[in-house]
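In: Sequence and computational prediction follow.
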2 protein chains.
Amino acid sequence: MSALEFEIHATDGDARTGLVRLPRGEIRTPAFMPVGTAATVKAMMPESVRATGADVILGNTYHLMLRPGAERIDRLGGLHRFMDWSRPILTDSGGFQVMSLSALRKMSEEGVVFRSHIDGSEHRLTPERSIEIQRLLGSDIQMVLDECVALPASDAVVEKALALSTRWAKRSKAAFGDQAGQGRALFGIVQGGTNPVLRRRSAAELIEIGFDGYAIGGLAVGEGHEAMIATLAETTPALPRQRPRYLMGVGKPRDLVEAVARGVDMFDCVLPTRSGRNGQAFVRTGTLNLKNARHADDPSPLDPACGCPACTRFSRAYLHHLIRSGEILGAMLLTWHNLQYYQDLMEGLRGAVAGGTFAAFRAAFHAATGGEGEAPSG
Amino acid sequence: MSALEFEIHATDGDARTGLVRLPRGEIRTPAFMPVGTAATVKAMMPESVRATGADVILGNTYHLMLRPGAERIDRLGGLHRFMDWSRPILTDSGGFQVMSLSALRKMSEEGVVFRSHIDGSEHRLTPERSIEIQRLLGSDIQMVLDECVALPASDAVVEKALALSTRWAKRSKAAFGDQAGQGRALFGIVQGGTNPVLRRRSAAELIEIGFDGYAIGGLAVGEGHEAMIATLAETTPALPRQRPRYLMGVGKPRDLVEAVARGVDMFDCVLPTRSGRNGQAFVRTGTLNLKNARHADDPSPLDPACGCPACTRFSRAYLHHLIRSGEILGAMLLTWHNLQYYQDLMEGLRGAVAGGTFAAFRAAFHAATGGEGEAPSG
């Protein structure tokens, strides 16, 4: 019995479009989840996040357990109320950020002991504690604790992490208990580096345990676009067709298009929000760095095809001025635009799959963006 | 012939309430003008500034002339279009910030030569250039260039600056030319430190030149609340009753209440916006520092009497978390709240004057805020 229903409405090749249903709301797939690290999608009001078309956001267990603390958020009525977001929230397990942000990690079969990057205080994360934190937050989609290996890594290292991750996934499932009755779901995370055999083994072990959805973890950790896509192509066929597939921490627009082509349903990434704060904008023709002096006198909109406030009400010259001046409004507007770009891309992908025109959409996308370079000036 | 009409609808003692009419919109007085230093009210979308009740905002000539440059803003269609604010904008002359921010100033009868605080480049500001910049920006209410003296200062120093300011005011008026025909207004600025005789002399000299409104400058520069209020009481009676009076760069809520009591109609100050970014909130009972740990578990709203998003949708605990975490949303929400507080205060003052209950309003305000200390926790 799962609290999460998943309907596939259409497929086109391996790409699919559908709907994840949870008590707190529906998620149109393929879906992009804006990252709300510390109980806020940075520089955005919650209604603005929703206005871009987001059905679900992601919260980071690592950040929230350290500040303000899971028990505190629980006392204050849960994460949804705390940050005024009533729709679904997916939380990660905290494992990835313990690896990437904290100091003095000590891994064991039991879990990981680490020091906070904020104040150096010591904390412990086990599969059980991770699930407890996610329960206290009130997360709608919880993730199992796993060990994520930086690539490249030897098969032996990857295999060892995979085996531990499977044991932790079992413990996570046990700790999750009967939360389905409260409308909550739990996803397993496939590991295995770029080795197809290990990926399939991980998938099989997780399916044996049984989850509401399956994430593909341990990618976008240094392996590069081609290796990531190749790994995806080997992994998604090993996952249950009727359960949502979530590619964690990915990615650039072209990563999303290619992952959808390989049957992925859900994504999260800090790229649109972080890039926005740094003055980089995603537009239909590629990316633009608004810091660049060539925008200083440009009265044209950032992206004439976009309906966000940054594009409909301001000029590139104004956005350039805000970014150059370090103005908060610059971060606000470019974050909004980039999230709108990502949501528009997902809407385009959903429409293309539904209409059976995915191949044409994919070709047009690649032709318009033409690689990763900066787009020509409007 | 003035482009600016001023109607006084009611008075209560020396306090007045009315309407400034300009082609770009009406300004309800007493009015508080949020400061939009660098073509943005920091951390606010323009429609949010308007939603708080602001009828007019202030732009800083000094900042805008340095970046992005007045000629550039003119080429891009003017400041209103550049920052998407269609209602009136008042611009200062740049003089005050040349004194407070720039390096290597050289004052002369002609004007002031200074170096930019951004890149050290040399710039010149004269009465004529200041008005030219304000014209290029498209400012609805322009200010004469004056010399503002930091207090305390000797009468001789104050008198010398006053005399120069009068000569500069004449040159500013001449440079302003026939802009009334384009719907634009020019204000003179009364100087004279805390010396009533000098204040009256300055006022008389400016009235002789003739302006659309009269600002009181050179206050809130170190003289303290009591001296400022005493100076105001000596100055406003020397100004024409039928022209708006603008107290520049002021101030704290109690300054506004006491200045309205002495017949002031317009204000600007960075306090609500700057304080908001620093975690300080103005509430009905005084001020609150949201950084304070005592707010960490407080589920109550920042100010239950306030209708802004920070107060109606979030807890003190959440705002505390955002400020502690350095989140942009914290600056956004507290800025919004503080601007809402200021606009609500002005609305309260206007209603009290209109209803003949100003004395009661003033007494209730002082009783509620009780000095400058931090308010007790809700």
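Out: Yep, it's here.
In: Could you measure from A:Leu271 over to A:Ser139?
Out: From A:Leu271 across to A:Ser139, the span is 22 Å (CB to CB, to the nearest Å). Quick note: C-beta positions are derived from backbone N, CA and C, even for glycine.
In: again, but for A:Pro152
Out: 32 Å.
In: between the two, which one's more packed in?
Out: A:Ser139 (27 against 14; other CB atoms under 10 Å in any protein chain shown).
In: How about the more buried one: what's its closest non-neighbour residue?
Out: Among residues not flanking A:Ser139 along the chain, A:Thr91 sits closest, at 3.9 Å (CB to CB, 6 or more residues apart in numbering or on different chains).
In: Does the one you found touch A:Gly138 like I think?
Out: No: A:Thr91 lies out of contact with A:Gly138 (CB atoms under 8 Å); the separation is 9.2 Å.
In: overlap in contacts of those two?
Out: Residues touching both A:Thr91 and A:Gly138 (CB atoms under 8 Å, 6 or more residues apart in numbering or on different chains) are A:Leu79.
In: Tell me which of these two has more neighbours.
Out: A:Thr91 (27 against 22).
In: so that one bridges to which residues?
Out: Beta bridges link A:Thr91 to A:Gly59, judged by DSSP bridges.
In: Pretty sure A:Ile27 sits in a helix.
Out: No: assessed with DSSP: H, G, I helix; E, B strand; the rest coil, A:Ile27 is strand; it does not lie in a helix.
In: From A:Asp92, how far out is it?
Out: 16 Å.
In: These two - which one has more neighbours?
Out: Comparing A:Ile27 with A:Asp92 by other CB under 10 Å, the one with more neighbours is A:Asp92, at 30 against 26.
In: Phi, psi for the spatially closest residue to A:Gln340 that is not a sequence neighbour please.
Out: Spatial nearest neighbour of A:Gln340, excluding adjacent residues (CB to CB, 6+ apart): A:Cys308 at 3.9 Å. Dihedral pair for A:Cys308: phi -80, psi 160, per degrees, to the nearest 10.
In: Then A:Ile189?
Out: Residue torsions, per degrees, to the nearest 10, at A:Ile189 are phi -130, psi 120.
In: list the helices and strands the worst-scoring helix or strand of chain A on mean pLDDT packs on?
Out: Lowest on mean pLDDT, DSSP states H and E among the helices and strands of chain A sits strand A:103-107, with a mean of 81. The helices and strands touching strand A:103-107, judged by 3 or more CB pairs under 8 Å, 6 or more residues apart in numbering or on different chains; DSSP states H and E, are strand A:112-115.
In: Name every strand pairing with the least confident helix or strand of chain A and say which way it goes.
Out: Strand pairing (DSSP bridges) places strand A:103-107 next to strand A:112-115 (antiparallel).
In: residues making contact with the partner strand?
Out: A:95, A:98, A:102-106, A:121-126.
In: what ranges do the helices span in the stretch 101-250 of chain A?
Out: A:127-137, A:155-176, A:196-209, A:225-235 (DSSP state H, counting those that start in this stretch).
In: Looking at these, which one is packed in the most?
Out: helix A:127-137 (a mean of 23; mean count of other CB atoms under 10 Å in any protein chain shown).
In: What average pLDDT does it get?
Out: Averaged over helix A:127-137, pLDDT sits at 98.
In: Could you do stretch A:161-176 as well?
Out: In the prediction, stretch A:161-176 has an average pLDDT of 98.
In: I'd say A:His320 and A:Lys291 touch.
Out: Yes: under the criterion of CB under 8 Å, A:His320 makes contact with A:Lys291 at 7.2 Å.
In: Give me the more crowded residue out of those two.
Out: Set A:His320 next to A:Lys291 and count neighbours by other CB under 10 Å: A:His320 wins out with 25 against 14.
In: List the contacts of stretch A:132-142.
Out: A:4, A:22-24, A:56, A:59, A:61, A:64-65, A:70-71, A:73-74, A:78-80, A:88-91, A:93-94, A:131, A:143, A:175-176, A:179, A:183-187, A:212-213.
In: List buried members of the residues you listed by neighbour count.
Out: Neighbour-count burial within the contacts of stretch A:132-142 applies to A:4, A:22, A:24, A:56, A:59, A:61, A:64-65, A:70, A:73-74, A:78-80, A:88-91, A:93-94, A:131, A:143, A:175-176, A:179, A:184-187, A:212-213; the criterion is 16 or more other CB atoms under 10 Å in any protein chain shown.
In: middle-most residue in chain A, spatially?
Out: A:Asp268 (1.2 Å; CA atoms, centre = their mean).
In: Tell me who's in contact with that one.
Out: Counting by CB under 8 Å, 6+ apart, A:Asp268 has contacts A:32-35, A:58, A:90, A:246, A:248-250.
In: Among the residues you listed, name the ones in strands.
Out: A:32-33, A:58, A:90, A:246 (DSSP state E).
In: For chain B, state which of the residues you listed is nearest.
Out: A:Leu58 (15.8 Å; CB to the nearest CB).
In: isn't that closest one right up against A:Ile89?
Out: Yes: using CB under 8 Å, A:Leu58 is in contact with A:Ile89, at 7.3 Å.
In: Overlap in contacts, the two.
Out: Looking at what touches both A:Leu58 and A:Ile89 (by CB under 8 Å, 6+ apart), the common residues are A:Gly36.
In: so the residue nearest to the centre of chain A bridges to which residues?
Out: A:Met33.
In: Distance-wise, check it relative to B:Leu290.
Out: Taken as CB to CB, the span from A:Asp268 to B:Leu290 is 29 Å.
In: possible to save the contacts of A:Asp268 as a markdown table with pLDDT?
Out: Below are these laid out as a markdown table (pLDDT from 0 to 100):
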| residue | pLDDT |
| --- | --- |
| A:Phe32 | 98 |
| A:Met33 | 98 |
| A:Pro34 | 98 |
| A:Val35 | 98 |
| A:Leu58 | 98 |
| A:Leu90 | 98 |
| A:Tyr246 | 98 |
| A:Met248 | 97 |
| A:Gly249 | 96 |
| A:Val250 | 96 |
